[in-house]
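Chemist: starting from these lines, generate the structure:
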Amino acid sequence: MFQDRLAALEGAEACVATATGMAAVATLAARAAEERRSPHRRPRRVRHGRAALRPILARLGIATTWVPLTDLDAWKRAVRRETRLLFIETPSNPACEVADIAALADIAHGAAAVLAVDNCMCSPALQRPIEFCADLVVHSATKYLDGQGRVLAGAIAGRADLVSGPLFNFVRTAGPAISPFNAWICLKGMETLRLRMTAQSANALELARWLEAHPAVERVNYPGLDSHPQHALAIAPAIRRRRGALVRREGRARGGVARHRRDEARVHHRQFRRREDDHLPSRDDDARAHSSRGARRFRHRRRVGAPRRRSRGSFRR
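Modeler: So this is what the prediction gives:
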């Protein structure tokens, strides 16, 4: 049911759930490795932004290339005849860059390749890459789909010929499948997905504006700000306002922001304790209450008599 609901939210034909988000990425890598053993016998290339996968994919015979996310000319130059997969994350974490999914889909399909989009930072509540001709959508359901940090989970949604065929067979055979309980937890978390993402995006925008106006901050990267390089792309009506809840700031003058927030937190804490002390009993009141209860308990035991303790070796038949 979790797979069916996520496929419906993404507008996908099929979906397969995995144990983690990186298990979903590894499943894509396994598919690329399987295509490497095609009759052409040429090494396949995967364009993606996860440098940590390079040594693992290299052992599978898959060449990888780092490409700037927003430079379409660089993507066109990087694509070769043996390219089989373009893998992007938009908005990217933590740079908050926004990619032109439709343009990258045209580049991928022109080279007979597949475009996979990591959508965990926006979720289908804010962005649906398949509407812009992406072939596959990858999720780390641990983040916003669950929303409460209770489980680890991942998923791949997209075309049925890709998901229901080689990807599903790999997950079922190799074992990176999600547990039924984790799938149920994610299913329950998705019931409040739109409410959470709307509120978190509004809070992130307010925080980004506050940081941008702070003198100790040099730059704030958030797609919802007018100063963001891809602001027009992120808030276009056709793409549902891909802002998200991730904010990145750059530069800090001698810890000014942290010190300022720490001082504010201390002030709020003192004010809260002052308001709280008006309603809570003091330590002296607690001590008197404990002493009076102890005295009453002692007098009661003397009046009714303390129960006799049996020796360790005595037993009652």
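Chemist: name the single longest strand found in this protein.
Modeler: In the chain, assigned by DSSP state E, the strand with the most residues is strand 83-89.
Chemist: parallel or antiparallel, which strands does that strand pair with?
Modeler: strand 45-47 (parallel), strand 114-118 (parallel) (DSSP bridges).
Chemist: out of those, name the one with the poorest average pLDDT.
Modeler: Ranked by mean pLDDT, the strands paired with strand 83-89 bottom out at strand 45-47, with a mean of 47.
Chemist: past it, which element shows up next along the chain?
Modeler: Of the helices and strands lying after strand 45-47 in sequence (DSSP states H and E), the nearest is helix 54-59.
Chemist: list the contacts of that following helix.
Modeler: By CB atoms under 8 Å, 6 or more residues apart in numbering, the list of residues contacting helix 54-59 from outside reads 26, 29, 32, 33, 46, 63, 64. Quick note: C-beta positions are derived from backbone N, CA and C, even for glycine.
Chemist: with neighbour count added, can I get those in CSV?
Modeler: Below are these laid out as CSV (neighbours: other CB atoms under 10 Å):
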residue, neighbour count
26, 19
29, 20
32, 21
33, 17
46, 28
63, 16
64, 22
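Chemist: and the residues you listed, which two are the farthest apart?
Modeler: Pairwise distances across these (CB to CB) peak at 17.0 Å, for the pair 26 and 63.
Chemist: ok, now how distant is residue 130 from residue 144?
Modeler: Per CB to CB, to the nearest Å, residue 130 is found 18 Å from residue 144.
Chemist: now swap in residue 162 and tell me
Modeler: Distance from residue 162 to residue 144, counting by CB to CB: 24 Å.
Chemist: between those two, who's got more neighbours?
Modeler: Neighbours were counted for residue 162 and for residue 144 using other CB atoms under 10 Å; residue 144 has more, 24 against 21.
Chemist: can you confirm that one is in a helix?
Modeler: No: counting by DSSP: H, G, I helix; E, B strand; the rest coil, residue 144 is located in no helix; its state is coil.
Chemist: find the nearest non-adjacent residue to it, please.
Modeler: residue 123 (4.6 Å; CB to CB, 6 or more residues apart in numbering).
Chemist: can you give me every residue that contacts that neighbour?
Modeler: With contacts defined as CB under 8 Å, 6+ apart, residue 123 is in contact with 139, 144, 145, 193, 197.
Chemist: what is the first one paired to in the beta sheet?
Modeler: Counting by DSSP bridges, residue 139 is bridged to residue 155.
Chemist: residues contacting residue 31?
Modeler: If a contact means CB under 8 Å, 6+ apart, then residue 31 has 85, 162, 166, 167, 170 as its contacts.
Chemist: one more pass at 10 Å, please.
Modeler: Going by CB atoms under 10 Å, 6 or more residues apart in numbering, residue 31 touches 44, 46, 84-85, 114, 116, 136, 156, 162, 165-167, 169-170.
Chemist: how about residue 117?
Modeler: 10, 86-90, 99, 101, 104-105, 127-130, 132, 134-139, 158.
Chemist: would you list the buried entries among those?
Modeler: Buried members of the contacts of residue 117, counted by 16 or more other CB atoms under 10 Å: 10, 86-90, 99, 101, 104-105, 127-130, 132, 134-139, 158.
Chemist: ok, how many other residues are close to residue 221?
Modeler: Neighbours of residue 221 using other CB under 10 Å come to 21.
Chemist: touching, it and residue 229? I think so.
Modeler: Yes: using CB atoms under 10 Å, residue 221 is in contact with residue 229, at 8.8 Å.
Chemist: which residues do the two both contact?
Modeler: Both residue 221 and residue 229 are in contact with 96, 97, where contact means CB under 10 Å, 6+ apart.
Chemist: rewinding a little: pLDDT score for the residue nearest to residue 144?
Modeler: Residue-level pLDDT assigned to residue 123 equals 92.
Chemist: nothing else from me, thank you.
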